[in-house]
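Asker: sequence first, predicted model second:
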Amino acid sequence: MKTLGREEANILFDKYWDEMSHVWFKVEVLQDYAGEDDGPSLQSWIKGDKQTSIAFMKEDASPEWVQSCQEKLRNDVKLIRLHLVEEPYSPYLEWELEYYKNVNIPKCGEQVFLVKKSAVSNLQIPKGDMMIFDDQIVVVNGYNDGGRMISQNFYDQTDNISSFLNLKQQLLRLAKPL
């Protein structure tokens, strides 16, 4: 395992993203990522102006991310996102689910699933988001208390990643499409 700060991690993440050829699987565990995304769409949502929020998300969707996802889809790479959710939903999570419906699914071609956190209390879930590239590379994000990503742990073929791959299969069995 290799732990890197955000700047170094971004470079390695981009390398793995570019090299990925089959499937990207991401598990999101936090209920609020406002430390990462506190833009005008989220702010409008929190103020109760959902129509303005949705308009912002549709026009301001990260064009680089959308293009990169569309390129992966053209190359037959599956993009799977699974969010572990707690009820009642936080305002951030309500907003994010709407973002999935308006950006991640139609523009990025992601398959998005939800799993109730209460259904996985017996599983060893990482404290931060987990991504698996082609069942070969695992990345686990580390966050501060404000929901801002500060580091990433990288696991590759030299590490035993079987527990992550087993977790992926268990979560997919419980997953419900958004």
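Answerer: Noted; the coordinates are in hand. Numbering: from 1, shown residues only.
Asker: can you verify my assumption that residue 98 contacts residue 54?
Answerer: Yes. Residue 98 sits in contact with residue 54 when judged by C-beta atoms under 8 Å, with a separation of 6.5 Å. Quick note: C-beta positions are derived from backbone N, CA and C, even for glycine.
Asker: who's more crowded, the two?
Answerer: residue 54 (19 against 16; other C-beta atoms under 10 Å).
Asker: which other helices and strands contact the helix or strand hosting the more buried one?
Answerer: Assessed by DSSP states H and E, residue 54 sits inside helix 50-60. Contacts defined by 3 or more C-beta pairs under 8 Å, 6 or more residues apart in numbering; DSSP states H and E place helix 50-60 against helix 40-46, helix 91-99.
Asker: mean pLDDT and distance to residue 58 added to those, as TSV?
Answerer: Converted to TSV, the helices and strands packed on helix 50-60 look like this (pLDDT from 0 to 100; distance: least, C-beta to C-beta, whole Å):
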stretch	mean pLDDT	distance to residue 58
helix 40-46	95	9
helix 91-99	96	10
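Asker: indicate which one of these is closest to residue 12.
Answerer: helix 91-99 (25.3 Å; C-beta to C-beta).
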